[in-house]
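*Asks:* need the 3D shape of this:
(chains A and B)
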Protein chains: 2
Amino acid sequence: MTAATRRHATQIKLVARPQGHPKPGDFAIASAPIPVPGEGEILVETTYLSLDPALRPRMNEVSAYAGAIPLHSTIPSPALGVVLESRSPLHKPGDHVSGMFGWQSHATVQGSEARRIDPERAVLPRWLSLLGLSSFTAYVGLVELGRPKPGETVVVSAAAGATGAAVGQIAKILGARAVGIAGGVAKCRGVVDVYGFDACVDYKAADFLKQLDAACPDGIDVDFENVGGDILRAVYDRMNQDGRVIVCGLVSEYNIDGGFPPGPSLWPTVYKSLRIEGFRASRYFDRVPEFIDKALEWSQAGLFTHREHITEGIENAPQAFVDMLVGRHFGKAMVRI
Amino acid sequence: MTAATRRHATQIKLVARPQGHPKPGDFAIASAPIPVPGEGEILVETTYLSLDPALRPRMNEVSAYAGAIPLHSTIPSPALGVVLESRSPLHKPGDHVSGMFGWQSHATVQGSEARRIDPERAVLPRWLSLLGLSSFTAYVGLVELGRPKPGETVVVSAAAGATGAAVGQIAKILGARAVGIAGGVAKCRGVVDVYGFDACVDYKAADFLKQLDAACPDGIDVDFENVGGDILRAVYDRMNQDGRVIVCGLVSEYNIDGGFPPGPSLWPTVYKSLRIEGFRASRYFDRVPEFIDKALEWSQAGLFTHREHITEGIENAPQAFVDMLVGRHFGKAMVRI
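*Replies:* Residues are numbered from 1 along each chain as shown, chains lettered A, B, ... in the order given. As a prediction, this is how the structure comes out:
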């Protein structure tokens, strides 16, 4: 479909601040005239939207994380799209691009805010999964901050999720042991069978701590933390001397009314010489091209893969987002427009 | 006094596990025959004992920090002494040495466990204060982990204490702003007047948070944490993007029955890219000579000084230790034997 044949853009807006877990009614579908690009801008028709847990804290009234999303505005989000019109020298109609196009069928952005992607190097949805922001986040967090050494044990929570799956595979590529934590037997099996982790521990199982001990007989050197709460505490208690806790996200804490709960005692940081380090991938964006080259090379060598959970239709984005937050998906969640 | 004239060694032993704050009755004075050095060992007569907050957690039944002190054993501690007898090629009688000689008048240790000191370079007690483990801890913690840049704001709690005083002065030498936190107006004045901090904030004052905000108009880049609890939380809330929380000690939490309380939420580590890193100075001990050269150079240039709080008599060590823990001293606490 082109701008000529579709006269209105479809948008998903945030219309209520979620209380606890978001529900589809916190969102609404809206229609708006297709925007006209100004000087330096491009008009993009979106093809795929990324669904990311990090959106959740931004739906609160106040968010220190990248700013709160204003009520009645379109949900900001990484996405892929095709350039329909261009008033920027950087792109021409027909180019495939990625950028923060949001949950909408059409977006107008500065040409410099879109990055050209090449569908010949990898099919479209791969640019949001294997090569997307979640994978890149895993890469910089693990390589720059976690710095696992060969033979060390890396534990990653939300291991069946888009970031977690990449963390474990990159840990293996770096010569470390990869232990995932995920919810349920089926997901854990997928983490081992599909992504090649050495082990995956079911946090919903009654014997979770026993499973964790069995999977980490030499303790834990790197924790790549996506979840927080009780899962973080269990891992933290098992950190080795000189361990590193890399805080990427705390998805179990995003829906708690009244704000984020306290973290673990800092005393072990002293006697174990631990480092706890949080990060956002955006500060490393100059390294995206380096990452894409490596990810494609690893993928071709059979070392790096990604499952995708694709929901059809922009109108289903809210429900898919809700489902992703409670862990109903295996692999990178996205929506095909 | 020499081994020939004093036939018995005096020792201070731990005889009860402190409940909350230690009291002098948790310790007892004991007498023992002066030990005879074996092959490779030296007999040392102690001259000065160091009093260190880090001893407190080791007085509990279980201590992950350098191991619990067994009941009815001598208190382990850094100290200075003179070699009385030597069966080690490394030292000869009359040498001044420092080492973990403990709270006792005489100690027998392996020659390799004593480090020769030169009273010509600095008078004796300086080797426990300006040049001692507390100062060295400040040095490696700040230089290696805190890494303040010129113009950044470094906050240090327990600023009137031995480590804190050194942290602020080294921060200034590195070109950063130094803000201390200490208890009471007199101590705060000393931190500014004696040690040259840019400001010192009184945590006992009703307007503590207002004072802290006024002293840190551009936020806080490095927190050198000695205290923990509410003071840590106040500083943590004010950390800047890319801030570093260096955890050296948590003295306000050592006396809490039931164990260490939770730490602050880890969510700010993500959205501010914070690093929280704990350490023990012992892992950097190969750098002690480098530190001593620098500390003496800074001292001669008038940039680095240290007050000492010296208690006379080994029998007064327990009370002096108790007083130090609750902050009754200004400067490095030690005992002259």
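
*Asks:* do a quick rundown of the helices in chain A.
*Replies:* Taking DSSP state H, the helices of chain A run over residues A:133-140, A:162-173, A:185-193, A:208-215, A:229-236, A:267-271, A:288-300, A:317-325.

*Asks:* what's the fourth one in contact with?
*Replies:* Contacts of helix A:208-215 with the rest of the structure, by CB atoms under 8 Å, 6 or more residues apart in numbering or on different chains, involve A:155, A:179, A:181, A:198-202, A:205, A:234-235, A:238. Just so you know, the C-beta spots here come from the backbone N, C-alpha and C atoms, and that holds for glycine as well.

*Asks:* repeat that with 6 Å
*Replies:* A:179, A:199, A:201, A:234 (CB atoms under 6 Å, 6 or more residues apart in numbering or on different chains).

*Asks:* quick one: these as a markdown table, columns for neighbour count too.
*Replies:* Formatted as a markdown table, the contacts of helix A:208-215 follow (neighbours: other CB atoms under 10 Å in any protein chain shown):
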| residue | neighbour count |
| --- | --- |
| A:Val179 | 27 |
| A:Ala199 | 21 |
| A:Val201 | 28 |
| A:Ala234 | 20 |
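
*Asks:* and the two most separated of the residues you listed?
*Replies:* Using CB to CB, the contacts of helix A:208-215 reach their maximum pairwise distance at A:Ala199 and A:Ala234, which is 14.6 Å.

*Asks:* out of the contacts of helix A:208-215, which are inside strands?
*Replies:* With DSSP state E as the criterion, strands contain A:179, A:199, A:201 from among these.

*Asks:* between the residues you listed, which is nearest B:Cys248?
*Replies:* A:Val179 (31.2 Å).

*Asks:* buried residues in stretch A:87-102?
*Replies:* Buried residues in stretch A:87-102, counted by 16 or more other CB atoms under 10 Å in any protein chain shown: A:88, A:90-91, A:95-99, A:101-102.

*Asks:* now, the most widely separated pair of those residues?
*Replies:* A:Leu90 and A:Gly102 (19.6 Å).

*Asks:* if we can go back for a sec, closest one of the contacts of helix A:208-215 to chain B?
*Replies:* Closest approach to chain B among the contacts of helix A:208-215 (CB to the nearest CB): A:Ala234, at 14.6 Å.

*Asks:* OK, contacts around the closest one?
*Replies:* Contact partners of A:Ala234, counting by CB under 6 Å, 6+ apart, are A:209, A:212.

*Asks:* A:Arg275 pairs with what?
*Replies:* With beta bridges defined as DSSP bridges, A:Arg275 has these partners: A:Arg244, B:Glu277.

*Asks:* low-confidence ranges in the stretch 1-150 of chain A?
*Replies:* Judged by pLDDT under 70, the stretch 1-150 of chain A has its weakly predicted residues at A:1-6.

*Asks:* now do the closest residue to chain B within it against B:Val194, distance only.
*Replies:* Nearest to chain B, among the residues of the stretch 1-150 of chain A, is A:Tyr65, at 4.1 Å (CB to the nearest CB). A:Tyr65 sits at a distance of 42 Å from B:Val194 (criterion: CB to CB, to the nearest Å).

*Asks:* who's more crowded, the two?
*Replies:* More crowded of A:Tyr65 and B:Val194, by other CB atoms under 10 Å in any protein chain shown: A:Tyr65, with 19 against 16.

*Asks:* chain B next: which of the buried residues of stretch A:87-102 are close?
*Replies:* Among these, not one lies near chain B by CB under 6 Å from any CB of the partner chain.

*Asks:* format these as a markdown table; extra columns: distance to A:Gly228.
*Replies:* Listed next are these as a markdown table, based on distance: CB to CB, whole Å:
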| residue | distance to A:Gly228 |
| --- | --- |
| A:Ser88 | 40 |
| A:Leu90 | 39 |
| A:His91 | 39 |
| A:Asp95 | 39 |
| A:His96 | 36 |
| A:Val97 | 34 |
| A:Ser98 | 29 |
| A:Gly99 | 29 |
| A:Phe101 | 29 |
| A:Gly102 | 27 |
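
*Asks:* contacting residues for the residue nearest the centre of chain A?
*Replies:* Most central in chain A under CA atoms, centre = their mean is A:Ser134, positioned 3.6 Å from the mean C-alpha point. Counting by CB under 6 Å, 6+ apart, A:Ser134 touches A:162-163.

*Asks:* so how far is chain B from the nearest residue to A:Phe27 once chain neighbours are set aside?
*Replies:* Using CB to CB, 6 or more residues apart in numbering or on different chains and skipping the chain neighbours, the partner closest in space to A:Phe27 is A:Pro318 (3.9 Å). To chain B, A:Pro318 is 24 Å away according to CB to the nearest CB, to the nearest Å.

*Asks:* what is the burial count for A:Pro318?
*Replies:* Burial measure for A:Pro318: 23 neighbouring residues, criterion other CB under 10 Å.

*Asks:* cool, A:Glu41 as well?
*Replies:* The number of residues packed near A:Glu41 is 22, by other CB under 10 Å.

*Asks:* was I right about it contacting A:Ser112?
*Replies:* No: applying CB atoms under 6 Å as the test, A:Glu41 and A:Ser112 come out as separate, 9.9 Å apart.

*Asks:* which residue, other than its chain neighbours, is closest to A:Tyr284?
*Replies:* For A:Tyr284, the spatially nearest residue (CB to CB, 6+ apart) is A:Val140, at 4.3 Å.

*Asks:* and A:Glu152, how far is that from A:Ile220?
*Replies:* 9 Å.

*Asks:* meant to ask about A:Asn240, not that
*Replies:* 6 Å.

*Asks:* more crowded one of those two?
*Replies:* A side-by-side neighbour count of A:Asn240 and A:Ile220, using other CB under 10 Å, places A:Ile220 first with 24 against 17.

*Asks:* for the more buried one, what are its contacts?
*Replies:* For A:Ile220, the contacting residues are A:153, A:155, A:235, A:238-239, by CB under 6 Å, 6+ apart.

*Asks:* can I get those residues in TSV with pLDDT?
*Replies:* Converted to TSV, the contacts of A:Ile220 look like this (pLDDT from 0 to 100):
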residue	pLDDT
A:Thr153	98
A:Val155	98
A:Val235	98
A:Arg238	98
A:Met239	98
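
*Asks:* for the stretch 201-337 of chain A, what lies in contact range of chain B?
*Replies:* A:247, A:250, A:260, A:262-267, A:269-271, A:273-279.

*Asks:* who's in contact with stretch A:61-78?
*Replies:* Contact partners of stretch A:61-78, identified using CB under 6 Å, 6+ apart, comprise A:11-14, A:17, A:49-50, A:57-59, A:100, A:102-104, A:133, B:271.

*Asks:* A:Arg328: how many residues sit nearby?
*Replies:* Per other CB under 10 Å, the neighbour tally for A:Arg328 reads 12.

*Asks:* do you know how far it is from chain B?
*Replies:* Counting by CB to the nearest CB, the gap from A:Arg328 to chain B is 24 Å.

*Asks:* for A:Leu51, which non-adjacent residue is closest in space?
*Replies:* A:Leu51 sits nearest to A:Ala333 (CB to CB, 6+ apart), 4.0 Å away.

*Asks:* hang on, I meant A:Arg147
*Replies:* Nearest non-adjacent residue to A:Arg147, counting by CB to CB, 6+ apart: A:Arg244, 6.9 Å away.

*Asks:* can you pull the residues of the stretch 1-150 of chain A lying near chain B?
*Replies:* A:64-65.

*Asks:* show me where the stretch 1-150 of chain A has its strands.
*Replies:* A:8-14, A:27-33, A:41-50, A:79-86, A:96-99, A:106-110, A:115-116 (DSSP state E, counting those that start in this stretch).

*Asks:* for A:Gly327, find the nearest of the ones you listed.
*Replies:* strand A:41-50 (17.0 Å).

*Asks:* need the CA coordinates for the closest one. PDB is fine.
*Replies:* Provided in PDB are the C-alpha atoms of strand A:41-50 (Å, rounded to 0.1, in the frame of the first residue of the first chain):
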ATOM      1  CA  GLU A  41      12.300  14.700   6.500                       C
ATOM      2  CA  ILE A  42      11.100  11.400   5.100                       C
ATOM      3  CA  LEU A  43       7.700   9.800   5.100                       C
ATOM      4  CA  VAL A  44       8.000   6.100   6.100                       C
ATOM      5  CA  GLU A  45       5.400   3.400   5.800                       C
ATOM      6  CA  THR A  46       6.100   1.000   8.600                       C
ATOM      7  CA  THR A  47       6.400  -2.700   8.000                       C
ATOM      8  CA  TYR A  48       7.300  -4.200  11.400                       C
ATOM      9  CA  LEU A  49       7.000  -2.900  15.000                       C
ATOM     10  CA  SER A  50       9.200  -4.100  17.800                       C
END
